[in-house]
Each structure stands twice: as C-alpha cells, then as structure tokens.
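Peer 1: Quick one, structure for this:
(one chain, ligands or ions: 2)
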Amino acid sequence: MTAVQRAPGVPTSTPKSIPKYQQVAESKYELDWADLVTLDLSQFDVPGGKEKLAHQLRDAVHNVGFFYITNFGLSQEEVDRQFAIGKQVFDLPVEDRLKHRADLEHGNYNGYRPRGTIELFPGLRDNVEMYNMFKFIPELERSQVDIVNENRPEIERFQRHIAEDIIPKLLSLIAIILEVPEDTLLNAHKFDDVSECHLRYITYRARTAEENEKYQNLYSKGHTDFGSLTLLFRQPIAALQIRTGDGTWKWVKPYPGSITVNIADVLQFWTNGYLKSSIHRVVAPPPDQAHLDRLGLMYFARPSGDTTLKSLDSPLLKRLGLEGDEKAAGIKAGDWVKARVKGNSDKAVEGGLKEKAVVGGIKVKYYD
Ligand SMILES: O=C(O)CCC(=O)C(=O)O
Ligand SMILES: [Fe+2]
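Peer 2: Numbers count the residues shown, from 1 in each chain. Ligands and ions are numbered 1, 2, ... in the order given. Got it, this is the predicted structure:
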C-alpha cells in the first residue's frame, strides 16, 4: 500500500473512540422503486468475468445511468465507521465546521459546505450540509476538523480503496463497452493527479411537515452530477429518486451490502451522450422516516482537472455515428466541475429554474 502522506500538524496518536453507528430501519412503505441491475464485482477477476459484467452493464449505463454494485471489497463495518465519523463531524457546533468552509464562490468544493447555500425556491434555502474531503495528496491539502485529522489514516485507506480498486474496475468495464483499451478512462483518473475527486459526508436535516409542504417535499433539485462516476453508500432512509425516460420519478431502494452508482456529466461528454448522466433528486422521506436527519456517505470520481471533455475515439461510438458534436472539446474537466459548483450559488428564479449556462455555451437542465 502507498505510504500515507501526513499533513503538517496531523496527530499520530490513537484516535479517540467513536460510538458505533447504528443504521436506521428501512421504511415500511412500498414505494415505486426503480428497477436497476446489480453487478457482483467479485466476478471481475474470474476468467471471462469482466466481459460478462460489461455485457450486464451496457443497457444500464446507456439507458438508465444508475446501477448497484455488490462485493466491492469494503465490509459493512468499515462503511459504518465512515458513517460514525461523519456523524461526529455533523454533531460538532457549526462554528467548528465553518472554520474549514470550502471556497464555494470560486467553485472549490474541498471542505465544508454549510446548510442553506443553495436557494431551492425564491427565499427558500436547502437543508443540506456536506463535508467534502478531496484526495489526501500534497497539492490538495487543506485544514480539517479534528475528528477527521484524528481518523485520517482510516479515512485515507477507505478513500484509496474506492479510488484505486472500485473506480478502476468500473472504468475498465465502461472501456470494454466502448471498445477502447481498458486503461483509457483509468489514465485520466490517477490518484496522484490533481482532480476534484472526493469522499463526502452529507446530512439532510429533517424538516417539519409544514416545511415540507412549503418546499413541495424537495430536499435537492433534480440534477446531474458533475464528474465521471458517483458512488452512494447504502442509505436506508429512502429519499433519492431518479428520473426515468418518460419523466416520472422512481425511488432508489437501499439494498443491504450495495453501493448505488451513477454516471455523471464527464462520461456523457466523452461519449457524445452514449453514457447517460442521469437526472436524480432528493425528496422528503416517507412518513415513517421523515423525522430523521439523513446522513449519507458518497464518493465522487472526477477526472484529472486538465483532461478535456472531448469525446473518445471509440469504435462503438463511430459505428453509432456518435462523434462530431465537439462543442465541449476545448473545455477542461476541472473547469466544468468548478463552473457547476459555482452555479449552485446562483439565486433561485420565480417559476423555477429550467436551464442554466455553465461554460463554453453549454447548458444544463434542472428539475423540481
Ligand atoms: O443524498 C443522496 O441520496 C444523493 C445526493 C446527490 O445527488 C448529490 O449529492 O449529488
Ligand atoms: Fe447528485
């Protein structure tokens, strides 16, 4: 394993003990769940396994943009330790987190994003807080709350397993689908390269029934993610919904031992739309969970900042006639992500924002 880079002043003492995290029970409500495929990543290294997984994934990444993975090499105990650390971070007085606020105004997500940064409707702000930890490499070092410093080796091991094992497997499968050399996408996602990849602790503070009505039950507007792949560790509080081709919303069921994965913008650009950066939103949980603060754990994979959004040279895309629209070719992936982060600070408009210019004349859509 690569040596852990320690930031100056990071204590090396044994971390203080943290209460075990207890995941809540699933909702009893039978919701309109999305039907998503599950990839068993333990099959990746068996002979012929990759090809089978790629075959299984093809429709999901092209038409749906969401799927589950299982057997990804992290135990529920290791995952729950991250939830436990995340809980400690959000249990701190807000002033402690604010000392490590991300420079959102310049499109930088590294650090704490306070509640209320996004205006969902005019005068109505969000209930989301995030603590984003970029890769622990010297160029991306920043100050952190003590609880993160104290548990840094464990957080880094977790983050590295995702970045150096799970993400490469998924990117290889996508390369197989696109009929490009298996390391094509991987080469743009090296751990030591500067990128916006991050591990995120996130919490949605519960709202009252009156608040939910005012907000039309919306916690987070329908959006696409900015980078290449998003991993959402199992979250038993139902709230995530994906938008299907016919414009209806389906709930994402939290299956034990799974991670929900979605395709994000950069993969869509690289494939001229063949891979679907799919629209999702977060809404108030069903009545038996609506009173609970919803803690989440996510990983956002994003390519090296200096790669561009130019589409890949892929035999599959050629056969499908999906080359050509090169509006995005000159845009750097890092600039795209920064512009989208910055755009989150824009004011809400009366009647709902439907479309917003990001960079290079390219627009994204938003949904209530
Ligand atoms: O909290 C969730 O379930 C999804 C959050 C999300 O879509 C995001 O942070 O981009
Ligand atoms: Fe998202």
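Peer 1: who's in contact with K169?
Peer 2: Contacts for K169 (C-beta atoms under 8 Å, 6 or more residues apart in numbering) come out as 41, 44. (Each C-beta comes from the backbone N, C-alpha and C, glycine too.)
Peer 1: tell me the phi and psi of it?
Peer 2: Dihedral angles of K169 (phi, psi; degrees, to the nearest 10) stand at phi -60, psi -50.
Peer 1: So N108 is in contact with V337, correct?
Peer 2: No - with contact defined as C-beta atoms under 8 Å, N108 does not reach V337; the gap is 9.7 Å.
Peer 1: Among those two, which residue is more densely surrounded?
Peer 2: Each of N108 and V337 has its neighbours counted (other C-beta atoms under 10 Å); V337 has more, 27 against 18.
Peer 1: Confirm that the more buried one sits in a helix.
Peer 2: Yes - under DSSP: H, G, I helix; E, B strand; the rest coil, V337 falls within a helix.
Peer 1: Could you tell me the model confidence score at it?
Peer 2: pLDDT for V337: 81.
Peer 1: so E129, which of the three states?
Peer 2: Three-state assignment for E129 (three-state DSSP): strand.
Peer 1: Surely it is in contact with A102?
Peer 2: No - E129 lies out of contact with A102 (C-beta under 8 Å); the separation is 11.3 Å.
Peer 1: Could you tell me which residues touch both of those two?
Peer 2: With C-beta under 8 Å, 6+ apart, E129 and A102 have common neighbours 112-113.
Peer 1: can I assume D288 is in contact with E26?
Peer 2: No - contact between D288 and E26 fails when scored by C-beta under 8 Å: they sit 9.3 Å apart.
Peer 1: Which residues does the residue of the chain found nearest ligand 1 form beta bridges with?
Peer 2: Across the chain, the shortest distance to ligand 1 (C-beta to the nearest ligand atom) belongs to L240, at 3.6 Å. Beta bridges link L240 to V282, judged by DSSP bridges.
Peer 1: need the contact list for it.
Peer 2: Contact analysis of L240 by C-beta under 8 Å, 6+ apart lists 232, 251-252, 260, 280-282.
Peer 1: got those as TSV, with secondary structure columns?
Peer 2: What follows is the contacts of L240, written out as TSV (three-state DSSP):
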residue	secondary structure
L232	strand
W251	strand
V252	coil
T260	strand
H280	strand
R281	strand
V282	strand
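Peer 1: would JSON lines of those with neighbour count and distance to ligand 1 be doable?
Peer 2: Formatted as JSON lines, those follow (neighbours: other C-beta atoms under 10 Å; distance: C-beta to the nearest ligand atom, whole Å):
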{"residue": "L232", "neighbour count": "23", "distance to ligand 1": "6"}
{"residue": "W251", "neighbour count": "19", "distance to ligand 1": "11"}
{"residue": "V252", "neighbour count": "21", "distance to ligand 1": "7"}
{"residue": "T260", "neighbour count": "24", "distance to ligand 1": "8"}
{"residue": "H280", "neighbour count": "25", "distance to ligand 1": "5"}
{"residue": "R281", "neighbour count": "19", "distance to ligand 1": "7"}
{"residue": "V282", "neighbour count": "23", "distance to ligand 1": "5"}
